[in-house]
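> Could you look at this predicted model? Sequence included:
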Amino acid sequence: MRDTRVKFLVFLFSAVLLITSGCERRPAEADADQMALRHVLYSRVSGLDPANVRDTYSRLVVSQIFEPLYDYHFLKRPYQLIPALAEQMPQISEDKLVYTIKIKKGVYFQDDNCFPQGIGRELEAEDFIFSLKRIADIKNLSPNWTYIDNRIAGLDEFREYTKTCRSAEDVDYSRNVEGLSSRDEYTLVIKLKKPWPQVVHSIMANTAFAPVAKEAVDYYGEDIISHPVGTGAFKLSAWRRGSYIELVRNGNFRGQVYPSRGEEGDAEAGYLDDAGRAIPFADKVVWTIIEEYRPTWLLFMQGKLDASVIPKDNYDEVMAGSGELTEAMKQRNIHLKTFSDPSTYWLGFNMADEVLGPNKALRRAISHAIDREKFIELFFNNRHLVAHGLIPPMMPSYNRRIKEKGYSKYDPEKARELLEQAAETNGGKIPGLKIAMPGIDTFYRQYGQFLKRNLNAIGLEVEIQYTDRPTYQERLNAGQVQMFASGHSAGIPDAQDFMSLFRSKNGTQAANGFNYSNARFDELYEQAQVMSDSPQRRRLYRQMELIVLEDCPAAFLNHRVAYVLCHDWYKNYKPHAFAYGLSKYRRIDKAKRSAYNELVKKSK
């Protein structure tokens, strides 16, 4: 799961400024003649090994270093998959079980000490097989196993075999897996156990399943999380945990050009100005980790960041009553981008908790006690949408009549009635409850206090637990939280991404942090996952959504509508809902950046 702010970063950031103190080298300021993308992350990165990356922050960085078989076209809408490391789209057997993928020739891993003489070798089909086996290997505890659990012929048996090995070193990766084979160095064959129409979107276009060189894993061992060795446009140059991450161009990058076609209006918007030019444009990509909005905003206005969200406290400074930018913003040649995010955010309930789990009336009382419209007004300046259900409005399966069901209606009187029922079920007064927040900054502290006030108003006592994100995630995965503020942004343009969060088999170590289980939901899930996109499958998704809403494992709060500011010098910033590895397309007009800096100096 991803926190309530995280998806901003997917759209905003593919690079960043370094800000450190003292006399250390400052990457974004050194080598001023180089083109550097400069942005910010609001949380620490957990690691840079694709197999063990599930959070958006880490994936954002990893996706600049590693590449999947397929990726989304940068400009075209509706979103369209195109070959990345694959030569062409997969050949699919008549029974929809066998996928044959031709791998591009002439793709090389970056130079690294793990290779003989430090020279990167050519990518082969076996690298994809090795990477899939790594995710299946129980010794790696990959959070991405749920994507392929019971999907690929023989891979579950390989996972069971790894359980019998005493140590990670004892696992034999040359062991045959029926559903994974290579006909030659450039031909990968994947055989499924049953049809899975979303397989290309779910794993072949997912950086978590990008090829990792066995030499790198053998050479670095457990420290592979700090030594990514990929085929992407950039490679790691420096990583000071909790401070910054710097990437530089990968000299072995296979070569790619900026797209020459997009959607209607792209040419007029300048998105085709670089058509046919070699990418990447930037020499380096630097992310600085700053866990507060206010200092980030100040840096953006000083011209030290290329793009920024609009902090709620600065909204009136940015937006005029007409919905346009204020004159002050226009004079600085700052541009506004708005777009819908395929996201839903919630206050989740741990269904294994002895107080919340057996007490549906209590969960419903909490849901009706939360004033979602006031929440969106206070924290997002009325920019977001109330979540009346689980599926975001931009999804084809969205139920446009879901509001009529009333599951998200603010009704404190009804909440108090339900709380009386909850006390009877509990055998007495409801004890104090606890809400885990995935951050300690001002945003999360205010968010936590808002929830506490809402629940106090109906007679519930609540303690807010503020922790850093890694600690929060550890506790959530271990089932040690009672209630939790979280959310999810879809990685594919299909509601299955949301449905998987409530599948009983996907426990807290994977995606189902609610510990939710419903046999009927699981039955419909199994039906839907083998169906291609169709009206029938969309109806199943809507049925599944209603089951979840009726069981109330979460109080769904909001869907994000992103408002992003970028400087005039930040070129080719076109919002994308599903792609992560976009830094290679971005470009800086250094003359305009310099002119802005002069403007800032004169205004002091």
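Received, thanks. Residues are numbered from 1 along each chain as shown.
> contacts and neighbour counts: CA atoms only from here.
Noted.
> Determine which residue lies closest to the centroid of this protein.
Centrality entry for the chain: nearest residue to the mean C-alpha point is Thr56, 3.4 Å, by Cα atoms, centre = their mean.
> what residue ranges in the stretch 51-200 of the chain score low on pLDDT?
In the predicted model of the stretch 51-200 of the chain, no residue satisfies pLDDT under 70.
> Equivalent analysis for the chain, please.
Counting by pLDDT under 70, the chain has low-confidence residues at 1-32, 507-511, 603-604.
> Return the alpha-carbon coordinates of the lengthiest helix in it using CSV.
Counting residues, the longest helix in the chain under DSSP state H turns out to be helix 535-551. Below are the C-alpha coordinates for helix 535-551, written out as CSV (Å, rounded to 0.1, in the frame of the first residue of the first chain):
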residue,chain,number,x,y,z
PRO,A,535,-18.5,-5.5,-19.8
GLN,A,536,-18.8,-8.8,-18.0
ARG,A,537,-15.6,-8.4,-16.1
ARG,A,538,-16.4,-4.8,-15.2
ARG,A,539,-19.7,-6.0,-13.7
LEU,A,540,-17.7,-8.5,-11.6
TYR,A,541,-15.5,-5.7,-10.4
ARG,A,542,-18.5,-3.7,-9.3
GLN,A,543,-20.0,-6.6,-7.5
MET,A,544,-16.7,-7.1,-5.7
GLU,A,545,-16.6,-3.5,-4.8
LEU,A,546,-20.1,-3.7,-3.2
ILE,A,547,-19.0,-6.7,-1.1
VAL,A,548,-16.1,-4.8,0.2
LEU,A,549,-18.2,-1.7,1.0
GLU,A,550,-20.8,-3.8,2.8
ASP,A,551,-18.1,-5.5,4.9
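> change the start of the numbering to 40 and stick with it
All right, first residue 40 from here; so that's helix 574-590.
> If you count neighbours, what's buried in it?
Buried residues in helix 574-590, counting neighbours by 16 or more other Cα atoms under 10 Å, are found at 576-577, 579-585, 587-588.
> nearest to Arg402, of those?
Leu588 (11.0 Å; Cα to Cα).
> if we can go back for a sec, report the two of the buried residues of helix 574-590 separated the most.
Pairwise distances across the buried residues of helix 574-590 (Cα to Cα) peak at 18.5 Å, for the pair Arg576 and Leu588.
> Now do the residue nearest to the centre of the chain against Ala475, distance only.
Here Thr95 is placed at a distance of 19 Å from Ala475 (Cα to Cα, to the nearest Å).
> Likewise for Lys544?
Using Cα to Cα, which is the criterion applied here, Lys544 is 24 Å from Ala475.
> Tell me which of the two has more neighbours.
Shown here are Lys544 and Ala475; by other Cα atoms under 10 Å, Ala475 has more neighbours (24 against 17).
> Can you tell me the SS state at that one?
Assigned with DSSP: H, G, I helix; E, B strand; the rest coil, Ala475 falls in the strand class.
> State the distance from it to Gly498.
Applying Cα to Cα, one obtains 20 Å for the distance of Ala475 from Gly498.
> Now do Val256 against Asn611, distance only.
Relative to Asn611, Val256 is positioned 35 Å away (criterion: Cα to Cα).
> same deal with Met476?
Using Cα to Cα, which is the criterion applied here, Met476 is 35 Å from Asn611.
> Who has more neighbours out of these two?
Neighbours of Met476 and Asn611, each counted by other Cα under 10 Å, are more numerous for Met476; the result is 26 against 20.
> unless I'm mixing things up, the more buried one is touching Gln488, no?
No. At 10.7 Å, Met476 and Gln488 do not qualify as touching, with contact defined as Cα atoms under 8 Å.
> Find residues that contact each of those two.
Between them, Met476 and Gln488 share these contacting residues under Cα atoms under 8 Å, 6 or more residues apart in numbering: Ile503.
> can you tell me which helix or strand His407 belongs to?
helix 399-408 (DSSP states H and E).
> now do Ile174
Element membership for Ile174 (DSSP H and E) is helix 164-175.
> Just the C-alpha atoms of that helix, please, in CSV.
C-alpha atoms of helix 164-175 as CSV (Å, rounded to 0.1, in the frame of the first residue of the first chain):
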residue,chain,number,x,y,z
ALA,A,164,16.6,-14.1,-22.0
GLU,A,165,18.0,-16.1,-19.1
ASP,A,166,18.3,-12.8,-17.1
PHE,A,167,14.5,-12.5,-17.0
ILE,A,168,14.2,-16.1,-15.9
PHE,A,169,16.7,-15.5,-13.1
SER,A,170,14.8,-12.4,-12.0
LEU,A,171,11.5,-14.2,-11.8
LYS,A,172,13.1,-17.1,-9.8
ARG,A,173,14.5,-14.5,-7.4
ILE,A,174,11.0,-13.2,-6.7
ALA,A,175,9.8,-16.8,-6.2
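> what residues are up against Ala252?
For Ala252, the contacting residues are 148, 166, 268-269, taking Cα under 8 Å, 6+ apart as the criterion.
> swap the cut-off to 7 Å and go again
Applying Cα atoms under 7 Å, 6 or more residues apart in numbering to Ala252 gives the contacts Asp166.
> quick one: it from Val520, how far?
In this structure, Ala252 lies at 37 Å from Val520, with Cα to Cα as the measure.
> Is Asn372 in contact with Cys605, as I believe?
No. Under the contact definition of Cα atoms under 7 Å, Asn372 does not touch Cys605, with a separation of 8.9 Å.
> Give me the more crowded residue out of the two.
In terms of neighbours (other Cα under 10 Å), Cys605 is the more surrounded of Asn372 and Cys605; the figures are 20 against 15.
> Identify the residues contacting the more buried one.
Residues in contact with Cys605, defined by Cα under 7 Å, 6+ apart, are 345-347, 373-375.
> what bridges to it?
Applying DSSP bridges to Cys605 gives these bridge partners: Ala346, His374.
> what's the distance between it and Val357?
As judged by Cα to Cα, Cys605 and Val357 stand 12 Å apart.
> Next: Val239.
From Val239 across to Val357, the span is 41 Å (Cα to Cα).
> And the strands in the stretch 140-289 of the chain?
Counting by DSSP state E, counting those that start in this stretch, the segments of the stretch 140-289 of the chain that form strands are 219-223, 226-230, 273-279, 283-288.
> The stretch 390-539 of the chain now?
424-425, 472-476, 501-505, 522-528.
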